[in-house]
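Chemist: Predicted model follows, preceded by the sequence.
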Amino acid sequence: MSQSELVKVQCQSCGHEQEITLWRTIIINMNPELKQQLFAGDLNRFNCEKCKYSSFLSSALMYIDAQLGITIQYYPEDLIDNPALY
């Protein structure tokens, strides 16, 4: 099952705070729309409701395609030195 959580994010431009869905694991066989969002650059993206500022949220993500037998774990560069990963 694909896994996500609601997180509060503060806009870097105007300071407005809002909740967004942050995806941690996507299983594209169960949720093919998430594959499209990922490849379009829209998955885990913050779009401010107030000022329209947009940015990608730095977060680890697991991509699973069971049909092709592919699993990819992505860690953004700013998380690589985090001791919690090891």
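Modeler: Okay, I see it.

Chemist: C-alpha from now on. contacts and neighbour counts both.
Modeler: OK.

Chemist: residue ranges of the strands in the protein, please?
Modeler: Here the chain has its strands, by DSSP state E, at 3-10, 17-27, 45-47, 54-56, 61-65, 70-74.

Chemist: okay if I get these as TSV plus mean pLDDT and distance to K35?
Modeler: Below are these laid out as TSV (pLDDT from 0 to 100; distance: least, CA to CA, whole Å):
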stretch	mean pLDDT	distance to K35
strand 3-10	96	14
strand 17-27	97	8
strand 45-47	96	14
strand 54-56	95	16
strand 61-65	96	9
strand 70-74	95	13
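
Chemist: a markdown table for these, including distance to L34 and mean neighbour count?
Modeler: Output for those, formatted as a markdown table (distance: least, CA to CA, whole Å; neighbours: other CA atoms under 10 Å):
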| stretch | distance to L34 | mean neighbour count |
| --- | --- | --- |
| strand 3-10 | 11 | 13 |
| strand 17-27 | 7 | 17 |
| strand 45-47 | 12 | 19 |
| strand 54-56 | 15 | 14 |
| strand 61-65 | 10 | 18 |
| strand 70-74 | 14 | 11 |
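
Chemist: Tabulate those in a markdown table, adding columns for distance to E33.
Modeler: Below are the strands of the chain laid out as a markdown table (distance: least, CA to CA, whole Å):
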| stretch | distance to E33 |
| --- | --- |
| strand 3-10 | 14 |
| strand 17-27 | 10 |
| strand 45-47 | 15 |
| strand 54-56 | 18 |
| strand 61-65 | 13 |
| strand 70-74 | 17 |
